[in-house]
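# Let me see the structure of the following:
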Amino acid sequence: MSESTTRPGPDAVVVGAGVSGLTTAVCLAEAGLRVRVDTCLPVSKTSSVAAGAMWDPYLVEPLDRVLSWSAASLAEFRLLAGDPQTTGVRIRAGTHESRLPCVEPAWTALVDAEPCAIEDLRTGYVTGWWYRAPVIDMPDYLDYLLRRLALAGGWLQRRAYVSLAEALTEAPVVVNCSGAGARDLVPDHEVAPSRGRLVVVENPGITTFFCDDTPNAEELVYIFPHTDTVVLGGTSDFGVGELTEDPLSARAILQRCMAVEPLLRGAKVIGERMGLRPLRSQVRLGEERPGSGQRLLHNYGHGGAGVTLSWGCAREIERLVLGWG
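Okay, the predicted model is just below:
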């Protein structure tokens with residue numbers, strides 16, 4: 001989508017075209033606003049493309065608001081899973097398992113998780129939970145959001161901002177969904193990048209997801225099956241903001257995942273994906289009034305849960321913009 005020179009100016013500008021920005025733009029556009037998404041990167045190059053992605057409140061606080069946002073997103077994804085060919089969203093069964101005894105995560109209640117029987121755990125794991133949750137094919141899903149935004153009258157513009165003050169000259173309402181970029185754009189030095197890396201392989205017949213939930217584990221292990229592919233992860237390189245290839249790291253991801261799931265041995269590697277998780281002590285979602293007639297809202301700092309929180313946070317931004325409370 002591109003901006004037409006004859007198009008009226010926007011009622012709202014959303015800065016950032018990752019999953020948080022696109023979902024927020026869809027909500028505002030479907031509520032009747034003229035919405036433009038300004039992005040310095042094509043959607044296909046955003047960090048959201050590199051998300052696993054599965055509904056999973058990971059690396060994000062505060063817990064009470066995270067659970068509320070996650071529940072709202074879960075309801076939306078369950079609806080979208082009714083048409084997986086269009087949306088890229090599917091409901092899969094699977095497990096979170098731990099190599100150490102640990103307390104059941106608070107979010108498991110949202111998906112009616114059940115404890116795994118000892119004999120059903122993977123080798124080396126001592127506890128775990130079985131449940132069903134959305135697994136999202138991110139390239140397909142982001143394309144779906146773009147189509148939905150266009151149907152609602154929204155559009156994209158390639159635009160890089162040095163500061164949010166620049167964006168505030170473009171529309172009366174600006175929503176900052178800049179992710180890891182918020183560190184410099186706001187600026188907010190509480191935001192820190194965490195580089196994530198995953199490997200995509202051809203699906204050898206895997207239908208259930210797996211995620212290592214061992215407390216304080218040094219390495220990530222997750223297996224998210226789609227249809228023809230499986231996403232394997234991963235890494236969380238705190239403080240690293242460069243997206244550089246690393247064959248050794250990719251090979252280590254494969255080895256960790258093959259140790260858990262033997263079906264992956266010999267699976268053809270399709271490629272790698274990398275992105276930056278925007279870590280922050282807490283999600284920043286709220287509004288400030290920088291000047292007369294100006295409204296600046298923030299929706300960033302989602303850690304490793306941008307997809308999981310996307311609809312819940314976007315709906316809250318919608319309520320704030322429209323004055324619903």
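
# any idea how far Arg265 is from Phe77?
Counting by CB to CB, to the nearest Å, the separation of Phe77 from Arg265 is 31 Å. Where C-beta positions appear, they are placed from N, C-alpha and C, glycine not excepted.

# Please identify which of those two sits among more neighbours.
Higher neighbour count among Phe77 and Arg265: Phe77, with 24 against 11, using other CB atoms under 10 Å.

# so how many other residues sit close to the residue nearest to the more buried one when sequence neighbours are not counted?
Nearest residue to Phe77 in three dimensions, chain neighbours excluded: Pro134, at 3.8 Å (CB to CB, 6 or more residues apart in numbering). Neighbourhood size, Pro134 [other CB under 10 Å]: 25.

# Now do the same contact list for Pro134.
Going by CB atoms under 8 Å, 6 or more residues apart in numbering, Pro134 touches Met54, Trp55, Leu74, Phe77, Arg78, Leu80, Ala81, Val89, Arg90, Ile91, Arg92.

# quick one: the fourth one and Val135 touch, right?
No - taking CB atoms under 8 Å as the contact criterion, Phe77 and Val135 are not neighbours in contact, 9.3 Å apart.

# Show me the strands in the stretch 201-325 of the chain, by range?
Taking DSSP state E, counting those that start in this stretch as the criterion, the stretch 201-325 of the chain contains strands spanning 209-212, 222-225, 229-233, 237-238, 269-279, 284-288, 295-300.

# which residues touch the helix or strand bottoming out on mean pLDDT in the chain?
Among the helices and strands of the chain, strand 237-238 carries the lowest confidence by mean pLDDT, DSSP states H and E, at a mean of 92. Contact partners of strand 237-238, identified using CB under 8 Å, 6+ apart, comprise Ala192, Ser194, Arg195, Gly196, Arg197, Leu279.

# Quick check: the residue nearest to Phe77 vs Leu63, distance?
As for Pro134, its distance to Leu63 is 20 Å (criterion: CB to CB).

# Measure how buried Ala150 is and give me the count.
Neighbour count for Ala150, taken as other CB under 10 Å: 14.

# was I right about Val43 contacting Val19?
No - the pair Val43 / Val19 is not scored as a contact, 9.6 Å apart, by CB under 8 Å.

# what about these two, which has more around it?
For Val43 versus Val19, neighbours defined as other CB under 10 Å are more numerous around Val19 (30 against 21).

# rewinding a little: between Val43 and Val19, which contacts overlap?
Common contact partners of Val43 and Val19 (CB under 8 Å, 6+ apart): Leu142.

# is it true that the residue nearest to Phe77 lies in a strand?
Yes - under DSSP: H, G, I helix; E, B strand; the rest coil, Pro134 falls within a strand.

# Which parts of the stretch 1-150 of the chain are helices?
For the stretch 1-150 of the chain, helices defined by DSSP state H, counting those that start in this stretch occupy the ranges 19-30, 63-80, 84-87, 138-151.

# Ok, which of those comes nearest Gln294?
helix 19-30 (16.5 Å; CB to CB).

# list residues touching both of Phe77 and Val135?
Jointly contacting Phe77 and Val135 under the rule CB under 8 Å, 6+ apart are Trp55, Val89.

# Could you single out the most deeply buried of the helices of the stretch 1-150 of the chain?
Mean neighbours per residue, mean count of other CB atoms under 10 Å, is largest over the helices of the stretch 1-150 of the chain for helix 19-30, with a mean of 28.

# in this protein, what spans have low per-residue confidence?
Across the chain, the ranges flagged by pLDDT under 70 are 1-6, 324-325.

# swap the cut-off to 50 and go again
Confidence mapping of the chain against pLDDT under 50 gives the ranges 2-4, 325.

# so how many other residues sit close to Glu219?
Glu219: 13 neighbours (other CB under 10 Å).

# contacting residues around Phe14?
To be clear, residue 14 is Val; Phe isn't right here. Counted by CB under 8 Å, 6+ apart, Val14 has contacts Gly21, Thr24, Ala25, Leu28, Val35, Arg36, Val37, Asp38, Val174, Val175, Cys177.

# I'd like those residues written out as TSV, with distance to Val231 added.
Formatted as TSV, those follow (distance: CB to CB, whole Å):
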residue	distance to Val231
Gly21	22
Thr24	25
Ala25	25
Leu28	30
Val35	30
Arg36	31
Val37	25
Asp38	29
Val174	33
Val175	29
Cys177	23
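
# Show me which pair in those is furthest apart.
Across these (CB to CB), the longest gap, 13.6 Å, separates Leu28 and Asp38.

# In contact with Phe275, which residues?
For the record, residue 275 is Gly, not Phe. Contacts of Gly275 (CB under 8 Å, 6+ apart): Thr46, Ser47, Ser48, Val49, Ala50, Ala51, Arg195, Gly196, Leu243.

# can you rerun that using 10 Å?
18, 45-51, 138, 179-180, 193-198, 243, 306 (CB atoms under 10 Å, 6 or more residues apart in numbering).

# do the same with Val49
Counting by CB under 10 Å, 6+ apart, Val49 has contacts Gly18, Val19, Leu41, Pro42, Val43, Met138, Pro139, Tyr141, Leu142, Arg273, Met274, Gly275.
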